[in-house]
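Visitor: here are the coordinates; sequence isn't available:
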């Protein structure tokens with residue numbers, strides 16, 4: 001798996017923190033929370049998209065696709081959060097919570113399984 005540079009890793013970690021803070025703060029202050037969440041989701045997702053896997057292990061490729069799906073779900077969550085915050089479109093309730101739950105499940109699952117599979121692949 002392609003490693004991130006220390007700067008890219010810092011951007012990814014800070015994006016993850018902003019996502020958590022933005023989601024937690026949404027009920028108190030929707031507009032600043034949306035901005036924090038959107039910036040965090042963009043930073044986190046873009047760094048995950050920069051990582052790549054060139055190997056042939058089917059399990060790692062599947063986990064990598066799931067990880068990318070989780071990153072896209074974070075971006076969809078930001079869009080749904082914007083629709084609720086600014087009263088745009090027809091999805092103006094808490095649909096973003098469902099997308100966030102899907103993203104969290106995918107990201108947490110792959111966060112534990114992917115390193116384990118990569119360690120298995122490195123062993124002879």
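Guide: Received it, and whenever you're ready, just let me know what you need. None of the values given here were measured: they were computed from a predicted structure.
Visitor: host element of residue 60?
Guide: Using DSSP states H and E, residue 60 maps to helix 58-85.
Visitor: same question, residue 39
Guide: Judged by DSSP H and E, residue 39 forms part of helix 30-50.
Visitor: what angle do that helix and helix 58-85 make?
Guide: Relative orientation of helix 30-50 and helix 58-85, computed by axes from the mean of the first three to the mean of the last three CA atoms, to 10 degrees: 160 degrees.
Visitor: let's test this: mean pLDDT of helix 30-50, rounded?
Guide: In this model, helix 30-50 has a mean pLDDT of 97.
Visitor: go on, stretch 83-96?
Guide: If you average the pLDDT over stretch 83-96, you get 90.
Visitor: quote the end-to-end distance of it.
Guide: End-to-end distance of stretch 83-96 (CA to CA, to the nearest Å): 9 Å.
Visitor: buried ones in it, by neighbour count?
Guide: Neighbour-count burial for stretch 83-96, counted by 16 or more other CB atoms under 10 Å, picks out 83-85, 95-96. C-beta coordinates here come from the backbone N, C-alpha and C atoms, glycine included.
Visitor: before we move on, the earlier item: helices or strands next to the helix holding residue 60 in the packing?
Guide: Here helix 58-85 touches helix 30-50, helix 95-122, going by 3 or more CB pairs under 8 Å, 6 or more residues apart in numbering; DSSP states H and E.
Visitor: I'd like those helices as TSV, with distance to residue 15 appended.
Guide: As requested, the helices and strands packed on helix 58-85 are exported to TSV (distance: least, CB to CB, whole Å):
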stretch	distance to residue 15
helix 30-50	3
helix 95-122	12
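Visitor: just say which of the ones you listed is most tucked in.
Guide: Ranked by mean neighbour count, the helices and strands packed on helix 58-85 are led by helix 30-50 with a mean of 19 (mean count of other CB atoms under 10 Å).
Visitor: lovely, talk soon.
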